[in-house]
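> The following comprises the amino acid sequence and a computationally predicted model.
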Amino acid sequence: MLPRDISQQIFNELVYSRCLTEVSLEAFRDCALQDLCLGQYPGVNDKWMDVIASQGSSLLSVDLSGSDVTDSGLIHLKDCSNLQSLDFNFCIQISDGGLEHLRGLSNLTSLSFRRNNAITAQGMKAFAGLINLVKLDLERCTRIHGGLVNLKGLMKLESLNIKWCNCITDSDMKPLSGLTNLKSLQISCSKVTDSGIAYLKGLQKLTLLNLEGCPVTAACLDSLSALGSLFYLNLNRCQLSDDGCEKFSKIGSLKVLNLGFNEITDECLVHLKGLTNLESLNLDSCGIGDEGLVNLTGLCNLKCLELSDTQVGSSGLRHLSGLTNLESINLSFTGISDGSLRKLAGLSSLKSLNLDARQITDTGLAALTSLTGLTHLDLFGARITDSGAAYLRNFKNLRSLEICGGGLTDAGVKHIKDLSSLTLLNLSQNCNLTDKTLELISGLTGLVSLNVSNSRITSAGLRHLNHAR
């Protein structure tokens, strides 16, 4: 028999090359393999489980995501007593009966059953004995209401993902109140309200909380202010308004805050100016304007700022000119103008800039030529012409570029052909581009995504891309 590490290497290569079959799998019976990563591998079903389980106590991790394994197949795993990680995402034929076979696997530290509509609270009783579980993922399991009570004794649990479990309500939060080692909790798109969040205020080690799409209001900030370690908070698409937002000032540990798609205005931003640890702030589609941005001037650690679809205009950008650590800013669908872009010229750390706004023209692009560190530039709806495209030569590090305003011709593409780092290029909607464009960019061998739709380019021009990946 081959040494285990050699057998493992051969197995991994067969999986990677999609050459492993039910027949060839038999060669690995009793090989003491440690890791069997078969996620999304075609043809995996219960017939494979006997060989998988033959690895016995050597087996540490198994990924059967997307397979046709059923409850009957899981019987084989009950004697693999040293298993630490199991992934059964998208395994729609596994139900409560299958979970029963996992009950004795007390060495499990990670377990995942994403997108399973057959698992219920009854089946989750099998989780109660998994006392070493650190990570549990039940995302999109829609019938687990009442089942979280079975997690009460899992004191080592650090990460729980129940996103998109729209059956989860406030009462499901109560069993979590004693899981004092919990560091990451994702309950987005559930029915949890402010009352349910109150059960979480004792989770002093919680660093990440995702409440996106939950019907919570600013009243939940009373409970969240007790979480001294919280640095990531997602309140996107919740029911926040300005009323109660003064409580944000009490969560000084925050580094990432997402308030997108809430009914908040400049009045709310007043209460964020003390959050000096913030590195990422998302205000997408909020009712904020130029005056509100003055409250961000002291957030010197800010690296990522999302202002898309806001009322921010030309005068507001001056408040951002001192945020020299900014690496990414999204100003799409705002009221900014060419003249205001000069305020961004000194942000030398910028790597990603989104200016998808119809009022931006060649003049605005000219004001940004000092931003030579840019790797991502989105000018999708901007009115950039061939003349403006000449300024793109300054951005040698660009990996993605979108110019779709309709003003480019083949002549403008000449200024793009030497941007050798590009992996994504979107030139769609430029109706005057011809096959010559494909000839010009044929030297961009790093491209993995190219969009030239709604142009005059024909299938005949594709011959120029024969050497492209």
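Good, I have the coordinates.
> give the contact list for residue 251.
Residues counted as contacts of residue 251 (Cβ atoms under 8 Å, 6 or more residues apart in numbering) are 221, 224, 225, 227, 230, 233, 275. Using the backbone N, CA and C atoms, a C-beta is placed for each residue, glycine as well.
> what about 10 Å?
221, 224-228, 230-231, 233, 257, 272, 274-275, 277 (Cβ atoms under 10 Å, 6 or more residues apart in numbering).
> ok, of the residues you listed, which one's closest to residue 150?
Of all the contacts of residue 251, residue 227 has the smallest distance to residue 150: 24.3 Å, by Cβ to Cβ.
> hang on, the earlier thing: would you mind checking the contacts of residue 251 for buried ones?
Neighbour-count burial (16 or more other Cβ atoms under 10 Å) applied to these gives 221, 224, 225, 226, 227, 230, 231, 233, 257, 272, 274, 275.
> Give me the phi and psi for the first one.
The one in question is residue 221. Main-chain torsions, residue 221, degrees, to the nearest 10: phi -70, psi -20.
> could you measure it against residue 248, distance?
Distance from residue 221 to residue 248, counting by Cβ to Cβ, to the nearest Å: 6 Å.
> before we move on, the earlier item: out of the contacts of residue 251, which are inside strands?
Among the contacts of residue 251, the members falling in strands (DSSP state E) are 233, 257.
> Out of the contacts of residue 251, flag the one nearest to residue 68.
Nearest to residue 68 among those, with distances taken as Cβ to Cβ, is residue 233, at 39.3 Å.
> so who does residue 129 touch?
By Cβ under 10 Å, 6+ apart, residue 129 lies in contact with 102, 103, 104, 105, 106, 108, 150, 153, 154.
> which of these count as buried?
Counted by 16+ other Cβ under 10 Å, the contacts of residue 129 give 102, 105, 108, 150, 154 as buried.
> was I right about the second one contacting residue 57?
Looking back up the chat, that one is residue 105. No: under the criterion of Cβ atoms under 10 Å, residue 105 makes no contact with residue 57, lying 11.7 Å away.
> tell me, what's touching those two both at once?
79, 80, 81, 82, 83.
> By pLDDT, give me the weakest of those.
Here the lowest pLDDT out of those sits on residue 79, with 92.
> Would you confirm that that one contacts residue 53?
Yes: using Cβ under 10 Å, residue 79 is in contact with residue 53, at 6.7 Å.
> Residue 169 versus residue 298, what's the distance?
Distance of residue 298 to residue 169, computed by Cβ to Cβ: 39 Å.
> err, residue 144, not the other one
Taken as Cβ to Cβ, the span from residue 144 to residue 169 is 11 Å.
> These two - which one has more neighbours?
The residue with more neighbours, out of residue 144 and residue 169, is residue 144; 23 against 15, by other Cβ atoms under 10 Å.
> How is residue 185 assigned, secondary-structure-wise?
Judged by DSSP: H, G, I helix; E, B strand; the rest coil, the three-state class of residue 185 is strand.
> Please name the bridge partners of it.
Counting by DSSP bridges, residue 185 is bridged to residue 160, residue 209.
> Tell me, how many residues neighbour the residue nearest to residue 268 when sequence neighbours are not counted?
Taking Cβ to Cβ, 6 or more residues apart in numbering as the measure, residue 268 lies nearest to residue 245, with 4.2 Å between them; neighbours along the chain are not counted. Residue 245: 22 surrounding residues under other Cβ under 10 Å.
> got it, and the one 10 residues further on?
One way to gauge burial is a neighbour count; for residue 255, by other Cβ under 10 Å, it gives 18.
> Let me see the domain layout of this protein.
243-341, 351-469 (automatic domain parsing).
> quick one: average confidence on the last one?
Domain 351-469 shows a mean pLDDT of 96 in the predicted model.
> Report the helix of the chain that spans the greatest number of residues.
As assigned by DSSP state H, the longest helix anywhere in the chain is helix 4-16.
> contacting residues around that one?
Identification of contacts with helix 4-16 by Cβ under 10 Å, 6+ apart yields 1-3, 19-21, 24-25, 27-28, 31-39, 41, 55, 58.
> now swap in stretch 215-222 and tell me
With Cβ under 10 Å, 6+ apart, stretch 215-222 has contacts from 187, 190-198, 200-201, 209, 211, 214, 223-224, 233, 235, 238-251, 262, 264, 268, 271.
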